[in-house]
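Undergrad: Sharing a model prediction with you, sequence too.
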Amino acid sequence: MAAEAQAFDYAAQHADFERGLYFLMQWPALAEASRMILSRPDDIKVDAEKAELWAGKLRRRFPVAAHQLLRRAATAAFKRREFKTSERLAQEADSIELPA
């Protein structure tokens, strides 16, 4: 158990955000992935396909993290002038019911 917690902490603090999140999502350690997303919003750099896949896994139990992940991916796509991708990600983010 202690080794697992150390692995999750290491992944959550990994310099490469996407690699750390990938580890947590593959485990799956969704609570830890959610905390990582919420604690490091400025570090989120994930391609659109992974953002959609991972947000789908997080959506039900961790809607705020799923929303944030999609919004950040939408912003990155917009900056790359990938407007259709940005719009798709933003619409998916908007479809998530957030807690009051």
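TA: Sure, I can see it.
Undergrad: where does this structure dip in pLDDT?
TA: For the chain, no stretch is flagged by pLDDT under 70.
Undergrad: Can you point out the buried residues in the top helix by length along it?
TA: The longest helix of the chain (DSSP state H) is helix 63-79. Within helix 63-79, the residues scored as buried using 16 or more other C-beta atoms under 10 Å are 63, 65-74, 76-77. Where you see a C-beta, it was placed from the backbone N, CA and C, and this is true even at glycine.
Undergrad: Send over that helix as CSV, restricted to the C-alpha atoms.
TA: This file holds the C-alpha atoms of helix 63-79, laid out as CSV (Å, rounded to 0.1, in the frame of the first residue of the first chain):
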residue,chain,number,x,y,z
PRO,A,63,-16.9,16.1,-13.0
VAL,A,64,-14.9,19.2,-12.0
ALA,A,65,-11.6,17.5,-13.0
ALA,A,66,-13.2,16.2,-16.3
HIS,A,67,-14.5,19.7,-17.1
GLN,A,68,-11.1,21.4,-16.3
LEU,A,69,-9.2,18.8,-18.4
LEU,A,70,-11.5,19.4,-21.4
ARG,A,71,-11.5,23.2,-21.1
ARG,A,72,-7.7,23.3,-21.0
ALA,A,73,-7.4,21.0,-24.0
ALA,A,74,-10.0,23.2,-25.8
THR,A,75,-7.9,26.3,-25.0
ALA,A,76,-4.7,24.7,-26.3
ALA,A,77,-6.5,23.6,-29.5
PHE,A,78,-7.8,27.1,-30.0
LYS,A,79,-4.3,28.6,-29.6
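Undergrad: Just send the buried residues of helix 63-79 back as CSV, with distance to residue 3 too.
TA: Listed next are the buried residues of helix 63-79 as CSV, based on distance: C-beta to C-beta, whole Å:
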residue, distance to residue 3
63, 30
65, 25
66, 28
67, 32
68, 29
69, 27
70, 32
71, 34
72, 30
73, 31
74, 36
76, 34
77, 37
